[in-house]
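*Asks:* Okay, here's the prediction I keep looking at, along with the sequence it came from:
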Amino acid sequence: MTILSARGAVEPFHAMDVLREANALSSAGHDVLSLAVGQPSASAPQGVLDAAAAALRVEKLGYTDALGRMETRRAIAAHYASRYGADVPVGRIAVTTGSSAGFSLAFLAVTDPGGRVAITAPGYPAYRNIIKALSLEAVEIETDPAEDHMLTVEALEKAHRQKRIDTLLIASPANPTGAVTDRHHLAALMDFCGDEDIAFISDEIYHGLRYTGDDRTALSHSNDVIVINSFSKYYCMTGWRIGWMVLPEDMVRQVERLAQSLYISAPDLSQIAAPKAFECTGELEAIKDGYRANRELLLERLPAMGISFAAPPDGAFYAWCDVSAHTNDSMDFAKRMLSEIHVATAPGLDFDPVNGPRFMRFSYAGSTDTVARALDRMGKWLAR
């Protein structure tokens, strides 16, 4: 009998299990409406598609340098200059196989086996699972709704004094809450980490998807941080598997060596095409307008169903909602909603193992028609 590693015994991503069941229902001919998965319904921008088509005709695709094509890295550096006014040298940029590879590379580069990585709860479940799979310890710090689910220095310091934390990962805007960490909280957290020799990782993959203000990169405050971003969310390129990291200068070679062996390189075709996304702002902002309309629908209609917002949905395309007026088992609630009215949603257990059964995440990344029809079904179902 094969002996299985304890590192692989991670929790399932329940939202993906829901998606599998939803796909099975859809394949059987049912009209399934999904509010479950954080994936844009729109295709990649036309400029990206055109660049990819041209590359398929004329390029000899293959491995690239582990840090990525130089022209791709230059385009990312130019993006930081134009969007944030930040001077990011090309030499500090690594192109990765999606942001997921970036997280693995970052954890491996700054944390030894048994090291403790602080993340927020509620939070993206893959953080917890990657941390466990790498023989690290996830320290989940509960965030306070009164603080708009922003991690405070006080909460971080309390956890750190109890037992040393080696690395902090902050996502802003965050999954599943959509909460944004404002510049003052972000700067204070970075300063504390700098004073305590805690590595700081900033997950900025939902930049571009903020509805109440402008994005602020952690690089605006410090160069001694790891920034992870991706073409997946705002740029509608989930299946292209391409992201990037901005690294402190003394970490670049470490990440390069790891990437050479773990991934070789990000997909060459995606590296060629992705920079064109930076030139498609008008098309992408029109897609964002759709998210904004979907967000307004949720803000208007969910409270009337007895579903309250547990966090301000200021960014990304998620609403983190309290469903305790209807259930204390959001997993069962999600399964019944899918089987009875064919609406797929993400149960809160994924994102918060302690309090998750009272919460659900609703994604509004789909079309406005899908969101409106799903809300119609939910309203009738809950009124029965």
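*Replies:* That came through, no problem.
*Asks:* need the longest helix for this structure.
*Replies:* The helix that spans the most residues within the chain, counting by DSSP state H, is helix 281-301.
*Asks:* so what strands line up beside the next helix or strand after it?
*Replies:* Moving toward the C-terminus from helix 281-301, the next helix or strand (DSSP states H and E) is strand 308-309. Strand 308-309 has its sheet partners listed here by DSSP bridges as strand 318-322 (antiparallel).
*Asks:* any idea how far the strand it pairs with is from the chain center?
*Replies:* Relative to its parent chain, strand 318-322 has a centroid offset of 15 Å by C-alpha atoms, centre = their mean, to the nearest Å.
*Asks:* list the buried ones in the very next helix or strand once past it?
*Replies:* The first helix or strand that comes after strand 318-322 along the chain, using DSSP H and E, is helix 330-341. If you call a residue buried by 16 or more other C-beta atoms under 10 Å, then helix 330-341 has these buried ones: 330-331, 333-335, 337-338, 341. Backbone N, C-alpha and C define where each C-beta goes, glycine included.
*Asks:* can you redo these as JSON lines with pLDDT and distance to residue 347?
*Replies:* Formatted as JSON lines, those follow (pLDDT from 0 to 100; distance: C-beta to C-beta, whole Å):
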{"residue": "330", "pLDDT": "92", "distance to residue 347": "4"}
{"residue": "331", "pLDDT": "91", "distance to residue 347": "4"}
{"residue": "333", "pLDDT": "94", "distance to residue 347": "7"}
{"residue": "334", "pLDDT": "93", "distance to residue 347": "4"}
{"residue": "335", "pLDDT": "91", "distance to residue 347": "8"}
{"residue": "337", "pLDDT": "95", "distance to residue 347": "10"}
{"residue": "338", "pLDDT": "94", "distance to residue 347": "10"}
{"residue": "341", "pLDDT": "97", "distance to residue 347": "16"}
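*Asks:* out of these, what pair is the most spread apart?
*Replies:* Greatest spatial distance among the buried residues of helix 330-341 (C-beta to C-beta): 331 and 341, at 16.6 Å.
*Asks:* returning to that earlier point: restricting to C-alpha, output the longest helix of the chain in PDB.
*Replies:* In PDB, the C-alpha atoms belonging to helix 281-301 read as follows (Å, rounded to 0.1, in the frame of the first residue of the first chain):
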ATOM      1  CA  THR A 281      -8.000  49.600 -20.400                       C
ATOM      2  CA  GLY A 282     -11.200  50.800 -22.200                       C
ATOM      3  CA  GLU A 283     -12.400  47.200 -22.800                       C
ATOM      4  CA  LEU A 284     -11.500  46.100 -19.300                       C
ATOM      5  CA  GLU A 285     -13.200  49.100 -17.600                       C
ATOM      6  CA  ALA A 286     -16.400  48.200 -19.500                       C
ATOM      7  CA  ILE A 287     -16.200  44.700 -18.000                       C
ATOM      8  CA  LYS A 288     -15.600  46.300 -14.600                       C
ATOM      9  CA  ASP A 289     -18.700  48.400 -15.100                       C
ATOM     10  CA  GLY A 290     -20.600  45.100 -15.300                       C
ATOM     11  CA  TYR A 291     -19.200  44.000 -12.000                       C
ATOM     12  CA  ARG A 292     -20.200  47.300 -10.500                       C
ATOM     13  CA  ALA A 293     -23.800  46.800 -11.700                       C
ATOM     14  CA  ASN A 294     -23.800  43.200 -10.300                       C
ATOM     15  CA  ARG A 295     -22.500  44.600  -7.000                       C
ATOM     16  CA  GLU A 296     -25.300  47.100  -6.800                       C
ATOM     17  CA  LEU A 297     -27.800  44.300  -7.400                       C
ATOM     18  CA  LEU A 298     -26.500  42.300  -4.500                       C
ATOM     19  CA  LEU A 299     -26.400  45.300  -2.200                       C
ATOM     20  CA  GLU A 300     -30.000  46.100  -3.000                       C
ATOM     21  CA  ARG A 301     -31.500  42.600  -3.000                       C
END
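*Asks:* how far is that helix from where the chain is centred?
*Replies:* The answer for helix 281-301 is 18 Å, by C-alpha atoms, centre = their mean.
*Asks:* can you give me the mean pLDDT across it?
*Replies:* Averaging pLDDT along helix 281-301 yields 97.
*Asks:* In terms of pLDDT, where does the closest residue in space to residue 84 that isn't next to it in sequence sit?
*Replies:* The spatial neighbour of residue 84 that comes closest, neighbours along the chain excluded (C-beta to C-beta, 6 or more residues apart in numbering), is residue 217 at 5.1 Å. Listed pLDDT for residue 217 reads 96.
*Asks:* cool, residue 18 as well?
*Replies:* With respect to pLDDT, residue 18 has a value of 79.
*Asks:* tell me which element it falls in.
*Replies:* According to DSSP H and E, residue 18 maps onto helix 14-27.
*Asks:* Which parts of the stretch 101-250 of the chain are strands?
*Replies:* 116-121, 137-142, 167-171, 199-203, 226-230, 243-246 (DSSP state E, counting those that start in this stretch).
*Asks:* just checking, residue 177 touches residue 318?
*Replies:* Yes - Residue 177 is within contact range of residue 318, at 7.0 Å (criterion: C-beta atoms under 8 Å).
*Asks:* Looking at these two, which has the bigger crowd around it?
*Replies:* residue 177 (31 against 28; other C-beta atoms under 10 Å).
*Asks:* The more buried one - nearest residue in space that isn't next to it in sequence?
*Replies:* residue 311 (3.7 Å).
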